[in-house]
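Trainee: Using only what follows, build the 3D model:
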Amino acid sequence: MKRLHTLLDAGGLYLPLPGGGATAARWTSLAELTRENVVLGRMAEAHTDAVAILTELDGPDPEPGQLWGVWAAEPPEPVVNASEHVGIWTLTGRKLWCSGANTCTHALITALVDGVPSLFAVELGLPGVHPVPDSWKAVGMAESDSSAVDFDMVPVIPVGTAGDYLSRPGFWHGAIGVAACWYGGACGVADPLYDKAASSDDPYLLAHLGAVDAALAAARNALAVAAAEIDADPFDENAEAMQRALRVRAIVERAATETLDRVGRALGAAPLCMDAEHAARVADLTVYLRQSHAEKDLAELGRIAAKGKRPW
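Mentor: Model prediction:
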């Protein structure tokens, strides 16, 4: 994606780190990129998340020109295993859901060490790294260069210790960064509805816009409050990061889902069939939202909420 590399070369992907006092500005930048193009925002989020993770866990510093991915999906199978011999760690196995499989120069990848997901930095140009052709069938996010990737005794650098990737406070801060992208993508989907409503007195179209406007405002406000809370407690000393992230992601996912539905109902099939950019944005966001774990995340949020104080 040319635009992504232009941003990378121009320093446009150097964003404030989460919890550093400008988390809202970080998320605004990600939202704006995703509003421009959902795939662009998703790839930018992964690179900037990798930079934040490497900083938090004292990993190697990304160098100019490097584009990083974060490949951390852990389905039951297939899996990637990490092993160590005479001080050298290597990866073997197949990793699914690898965005930027042929585009990224480096990736942070989770692999199992005695059954525990652990994090490693890998240079993707090394022998033994093999993206699997035709392993991504989706129409949505088609430009994300996603595929499965096979690893065959590929040397890697450990980042942190076993379990650090999931246990660090920044894991949940980064999870909200994804929600900021969902919000930006939903704003892009909503733009044609706002444009049409500006010159329409159709009460049904205006009702759809009212609902979309309220939903997106709620999402924006949830992100703003979360950013301020993270900047006030970057190391999660109050143990609220997980609940905060699950709440915000649920709010934003619902707003984005409602936006997709109402824009389609308000505008009909025409923009989906005659506006390639809008059609791609809808398809891309629909797939991207499934990075949420839906009812599983809601159930986890419910378990936390049932044991804590109420937010009202």
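Trainee: Can you name the element that comes right after the helix or strand of the chain with the lowest mean pLDDT?
Mentor: Counting by mean pLDDT, DSSP states H and E, the weakest-scoring helix or strand in the chain turns out to be helix 164-167, with a mean of 91. Once helix 164-167 ends, the next helix or strand along the chain (criterion: DSSP states H and E) is helix 170-197.
Trainee: Can you give the distance of the least confident helix or strand of the chain from its chain's centre?
Mentor: Averaging C-alpha positions (C-alpha atoms, centre = their mean, to the nearest Å) puts helix 164-167 17 Å from its chain's average.
Trainee: Same check on stretch 286-296?
Mentor: So, by C-alpha atoms, centre = their mean, the centroid of stretch 286-296 is 11 Å from its chain's centroid.
Trainee: So for the least confident helix or strand of the chain, what gets flagged as buried?
Mentor: 164, 165 (16 or more other C-beta atoms under 10 Å). (Each C-beta comes from the backbone N, C-alpha and C, glycine too.)
Trainee: tell me the domain boundaries of this protein?
Mentor: 1-57+168-312, 62-162 (automatic domain parsing).
Trainee: For residue 265, which non-adjacent residue is spatially closest?
Mentor: residue 208 (6.2 Å; C-beta to C-beta, 6 or more residues apart in numbering).
Trainee: contacting residues for that neighbour?
Mentor: Each residue near residue 208 by C-beta atoms under 8 Å, 6 or more residues apart in numbering is listed here: 193, 262, 263, 265, 266.
Trainee: coming back round to it: helices or strands next to the least confident helix or strand of the chain in the packing?
Mentor: strand 116-123 (3 or more C-beta pairs under 8 Å, 6 or more residues apart in numbering; DSSP states H and E).
Trainee: Okay, now the sheet partners of the strand it packs on, with direction.
Mentor: strand 106-113 (antiparallel), strand 147-158 (antiparallel) (DSSP bridges).
Trainee: nearest to residue 86, of these?
Mentor: strand 147-158 (11.8 Å; C-beta to C-beta).
Trainee: what is the mean pLDDT for the closest one?
Mentor: Averaged over strand 147-158, pLDDT sits at 97.
Trainee: Only alpha carbons, please: show that strand as PDB.
Mentor: Only the C-alpha atoms of strand 147-158 are listed here, as PDB (Å, rounded to 0.1, in the frame of the first residue of the first chain):
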ATOM      1  CA  SER A 147      -2.400 -14.700   5.000                       C
ATOM      2  CA  ALA A 148      -1.100 -17.600   7.000                       C
ATOM      3  CA  VAL A 149       2.600 -17.700   7.400                       C
ATOM      4  CA  ASP A 150       4.800 -20.800   7.800                       C
ATOM      5  CA  PHE A 151       7.900 -20.700   9.900                       C
ATOM      6  CA  ASP A 152      10.600 -23.300   9.600                       C
ATOM      7  CA  MET A 153      13.300 -23.000  12.300                       C
ATOM      8  CA  VAL A 154      13.400 -19.200  11.900                       C
ATOM      9  CA  PRO A 155      15.700 -17.500  14.400                       C
ATOM     10  CA  VAL A 156      14.000 -14.800  16.500                       C
ATOM     11  CA  ILE A 157      14.600 -12.500  19.400                       C
ATOM     12  CA  PRO A 158      12.600 -13.000  22.600                       C
END
